[in-house]
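Asker: Below: sequence and its predicted model.
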Amino acid sequence: MDQPTAQRLYEAMLLTRLTEERLVKLFRQGQLHGSVYRSLGQEATACATAAALGPKDVIGPLIRNLGSMFVRGVTPLEVFLQYLGRATSPTGGREHNNHFGSVGRGIIAPTSMLGALIPVMAGVALSFRQKGERRVAMTWIGDGGSSTGAFYEGLNFAVVQKLPLIVVGEFNGYAFSTTPERQMAGPMSQRSQGAFTLTVDGNDAVAVYQAAAQARQCCLDGKGPVFLVCETFRMKGHAEHDDQRYVDPELLKLWAAKDPLPHLESWMTQRGWAPEPDLRSRLEARLLADAEAALAAPLPTPEGLGLGVFSDS
Ligand SMILES: Cc1ncc(C[n+]2csc(CCOP(=O)(O)OP(=O)(O)O)c2C)c(N)n1
């Protein structure tokens with residue numbers, strides 16, 4: 001990974017963390033409709049995978065992949081507007097959290113039904129092959145989500161059709177309060193159904209980036225889909241309303257020591273590429289201004305309820 005890439009990646013990971021921290025403040029102030037879904041500790045898995053893609057590739061993120069959307073150019077202001085349900089949010093107040101897409105930036109909107117994005121993104125990858133385009137599709141799935149039928153159907157289809165699809169498996173210790181041992185027979189990598197499989201330390205941003213770049217090359221070489229399993233840990237509850245009392249505090253301590261942000265920072269510092277010292281305060285100031293702008297934005301009106309539901313033509 002070269003210096004500009006490392007800097008962009010570090011900034012995207014830090015922006016993800018600080019945006020989520022600001023969202024938690026809004027949640028505690030009672031400003032949000034609904035909860036906040038953190039990716040604390042998983043920023044490398046979301047950001048470094050997306051950072052290895054080309055500008056014409058397409059992503060289909062899930063709830064813990066806000067960072068991948070920042071990598072593709074989504075702004076914190078859009079995220080605040082969306083979480084606050086404002087009329088000027090990407091979905092006009094109809095949807096919450098990171099549930100929005102952006103065709104221009106190569107983002108397919110997250111789907112709540114876990115696993116459902118795999119066949120959707122396999123379809124996107126199929127369209128690339130049919131049109132002879134050198135592009136890849138990428139999506140993410142948790143350990144819990146990989147137990148769905150849609151995951152198996154979608155990945156099987158991609159393997160049979162040799163589609164340029166990267167499925168990032170986020171093996172993060174919990175699905176709500178369920179541990180993998182209670183719902184998976186064997187390691188996550190065994191769910192690959194013949195797809196080329198890589199397993200990587202999901203908290204090591206450089207390793208994740210390199211594995212994702214390798215996965216992308218495999219796809220472009222026509223070798224079919226890649227299942228990229230990232231071993232990481234969900235450092236917060238399922239969302240802010242969940243105090244994760246079922247998680248052993250010792251486990252949290254262990255994983256806190258593997259925080260992906262200081263890990264990447266020290267890797268960069270060793271190379272003389274230390275992030276600029278005022279990056280955090282600069283981002284925090286920007287996020288505060290963005291959150292205030294979003295709070296001042298209008299809520300949707302009842303008259304607008306039917307807009308965008310039916311074709312106007
Ligand atoms: C098909 C389906 N079943 C159940 C749910 C409810 N649900 C939402 S998130 C979640 C847990 C997901 O766990 P995992 O896939 O491991 O991802 P993580 O939350 O750990 O990132 C569940 C069961 C859902 N959204 N879709």
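Answerer: Alright, I've got the coordinates.
Asker: Let me know the pLDDT of Phe310.
Answerer: The model reports Phe310 with a pLDDT of 81.
Asker: let me redo that: Ser313
Answerer: 63.
Asker: likewise Asp143?
Answerer: For Asp143, the model assigns a pLDDT of 98.
Asker: Now the residue in the stretch 101-250 of the chain positioned nearest to the ligand: closest residue in space that isn't a chain neighbour?
Answerer: Minimum separation of the stretch 101-250 of the chain from the ligand (C-beta to the nearest ligand atom) falls at Gly142, amounting to 2.3 Å. Bear in mind the C-beta positions are built from the backbone N, C-alpha and C, glycine included. Leaving aside its chain neighbours, Gly142 sits nearest to Glu170 (5.0 Å; criterion: C-beta to C-beta, 6 or more residues apart in numbering).
Asker: Surely the one you found is in a strand?
Answerer: Yes - assessed by DSSP: H, G, I helix; E, B strand; the rest coil, Glu170 belongs to a strand.
Asker: how much space between the residue of the stretch 101-250 of the chain closest to the ligand and Gly104?
Answerer: With distances taken as C-beta to C-beta, to the nearest Å, Gly142 is found 28 Å from Gly104.
Asker: Which one of the two is surrounded by more residues?
Answerer: Between Gly142 and Gly104, counted using other C-beta atoms under 10 Å, the more crowded position is Gly142 (24 against 8).
Asker: What's the separation between the more buried one and Val168?
Answerer: Counting by C-beta to C-beta - Gly142 and Val168 are separated by 10 Å.
Asker: swap in Lys236?
Answerer: For Lys236 relative to Val168 (C-beta to C-beta), the value is 19 Å.
Asker: Neighbour count for these two, which is higher?
Answerer: Using other C-beta under 10 Å, the more surrounded residue of Lys236 and Val168 is Val168, with 31 against 21.
Asker: beta partners for the more buried one?
Answerer: Note on Val168: beta-bridge partners Trp140, Leu228, judged by DSSP bridges.
Asker: Can you check the pLDDT for it?
Answerer: pLDDT, read off for Val168, is 98.
Asker: Does Ile59 belong to a helix, a strand or coil?
Answerer: What three-state DSSP gives for Ile59 is strand.
Asker: Setting aside sequence neighbours, what's the nearest residue to it?
Answerer: In space, Ile59 comes closest to Met138 once its chain neighbours are excluded; the distance is 5.0 Å by C-beta to C-beta, 6+ apart.
Asker: and the stretch 201-313 of the chain, which of its residues are near the ligand?
Answerer: By C-beta under 6 Å from any ligand atom, the residues of the stretch 201-313 of the chain that approach the ligand are Arg234, His238.
Asker: all helices in the stretch 201-313 of the chain, in order from the N-terminus.
Answerer: In the stretch 201-313 of the chain, the helices defined using DSSP state H, counting those that start in this stretch lie at 205-220, 249-256, 260-270, 279-296.
Asker: Of these, flag the one that's most buried.
Answerer: Neighbour counts (mean count of other C-beta atoms under 10 Å) averaged over each of the helices of the stretch 201-313 of the chain peak at helix 205-220, with a mean of 22.
Asker: What is it packed up against?
Answerer: With contacts taken as 3 or more C-beta pairs under 8 Å, 6 or more residues apart in numbering; DSSP states H and E, helix 205-220 sits against helix 3-28, helix 43-51, strand 165-171, strand 196-201, strand 226-231, helix 260-270.
Asker: again, 10 Å this time
Answerer: Here helix 205-220 is seen to pack against helix 3-28, helix 43-51, helix 117-130, strand 137-142, strand 165-171, strand 196-201, strand 226-231, helix 260-270 when contacts are counted using 3 or more C-beta pairs under 10 Å, 6 or more residues apart in numbering; DSSP states H and E.
Asker: just so I know, which of those lies nearest Leu66?
Answerer: Of all the helices and strands packed on helix 205-220, helix 3-28 sits nearest to Leu66, with 5.7 Å by C-beta to C-beta.
Asker: Pull out the buried positions in that closest one.
Answerer: 6-7, 9-20, 22-24, 26-27 (16 or more other C-beta atoms under 10 Å).
Asker: got any ranges where this structure has weak pLDDT?
Answerer: Along the chain, segments meeting pLDDT under 70 span 313.
Asker: Identify the residue nearest Gly149 in space, chain neighbours excluded?
Answerer: Leaving aside its chain neighbours, Gly149 sits nearest to Gly115 (6.9 Å; criterion: C-beta to C-beta, 6+ apart).
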